[in-house]
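Trainee: Make a model of this:
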Amino acid sequence: MLRLAEPSPRALERIHGKLAGVAPSFALVGATRVARAPEGYHGDRQRLRIGWGEGAFRRASRALRAWSMFATDWTRLYPAGAPLEAGTDVLVLVRLGVLWTIHPARIVELIEEDTEKHRRFGFACATLPGHALVGEERFVIEHVKEDNSVWYELLAYARPAWMLARLAAPLVRLWQKQFGADSKRAMGRAMAAAEEIDGGE
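Mentor: Next comes the predicted model:
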């Protein structure tokens, strides 16, 4: 969905309200559970160490629940603070110069693991019809128990859906990588703010 001006809250509410019951445009839900992209899809993996220990894991998990990775200069989420629950629908707004694009997605999986090697928290989103891409994106916070490090990871598999996105495929992939880099910076800022509030605990 392409707009020449920033969509109004009423317009976003109307678009969001039409998503209930719509099937994902990505048929391979759960594909980001494995480290290799499906045939015909491009993969992008971004990973950043954002702290150490249990306190950092808790802060990073809170930041993920608040969708802090979308707090960039050119992306935002509607509705803000959407609950991390399977079936939650969101709209990702992207500003490209004077243009705004709207990308519907749905949480299709929650991730909560606690093994001898690591503890992980996160979720995966699949694209819905109207998104510029077809694919799945996974956001995870991982606490590696061996060295006590805490990581933010983004893994995305996608291919263009819109004709315009297909024509500009190299540029779209560049934007994907840019979002990954900017989302890491956004999570770093969220962690710094949380550490200041928590006193570094």
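
Trainee: Every contact and neighbour count from this point should use C-alpha atoms.
Mentor: Noted.

Trainee: Please pull out the lowest mean pLDDT helix or strand from this structure.
Mentor: For the chain, counting by mean pLDDT, DSSP states H and E, helix 163-167 ranks last in confidence among helices and strands (a mean of 68).

Trainee: Now the next helix-or-strand element following that one: buried residues?
Mentor: Using DSSP states H and E, the helix or strand that follows helix 163-167 towards the C-terminus is helix 169-198. Residues of helix 169-198 classed as buried: 172-173, 176-177, 179-192, 194-195 (neighbour count, 16 or more other CA atoms under 10 Å).

Trainee: do stretch 47-55 as well
Mentor: Within stretch 47-55, judged by 16+ other CA under 10 Å, the buried ones are 48, 50-52, 54.

Trainee: What of stretch 128-146?
Mentor: 128-145.

Trainee: Tell me the bridge partners for residue 124.
Mentor: With DSSP bridges applied, residue 124 shows beta-bridge pairing to residue 109, residue 138.

Trainee: ok, it to residue 17 distance?
Mentor: Counting by CA to CA, to the nearest Å, the gap from residue 124 to residue 17 is 21 Å.

Trainee: Who has more neighbours out of the two?
Mentor: Per other CA atoms under 10 Å, whichever of residue 124 and residue 17 has more neighbours is residue 124, with 26 against 10.

Trainee: contacting residues around the more buried one?
Mentor: Each residue near residue 124 by CA atoms under 8 Å, 6 or more residues apart in numbering is listed here: 30, 32, 107-111, 136-139.

Trainee: Out of those, which two sit at the greatest distance?
Mentor: Pairwise distances across the contacts of residue 124 peak at 14.2 Å for 111 and 136 (criterion: CA to CA).

Trainee: what about residue 74, how many neighbours?
Mentor: Using other CA under 10 Å, residue 74 has 14 neighbouring residues.

Trainee: just residue 72 next, same as before
Mentor: Neighbours around residue 72, by other CA under 10 Å: 16.

Trainee: Residue 44: what secondary structure?
Mentor: Secondary structure assignment for residue 44 (DSSP: H, G, I helix; E, B strand; the rest coil): strand.

Trainee: Show me what it is bridged to.
Mentor: When assigned by DSSP bridges, residue 44 has beta-bridge partners residue 156.

Trainee: That one contacts residue 153, correct?
Mentor: No. Between residue 44 and residue 153 there is no contact under CA atoms under 8 Å: 10.5 Å.

Trainee: higher neighbour count, the two?
Mentor: The residue with more neighbours, out of residue 44 and residue 153, is residue 153; 19 against 16, by other CA under 10 Å.

Trainee: What segments of this structure are strands?
Mentor: Secondary structure of the chain, counting by DSSP state E: strands at 2-3, 42-52, 75-78, 89-96, 99-114, 118-127, 133-144, 149-160.
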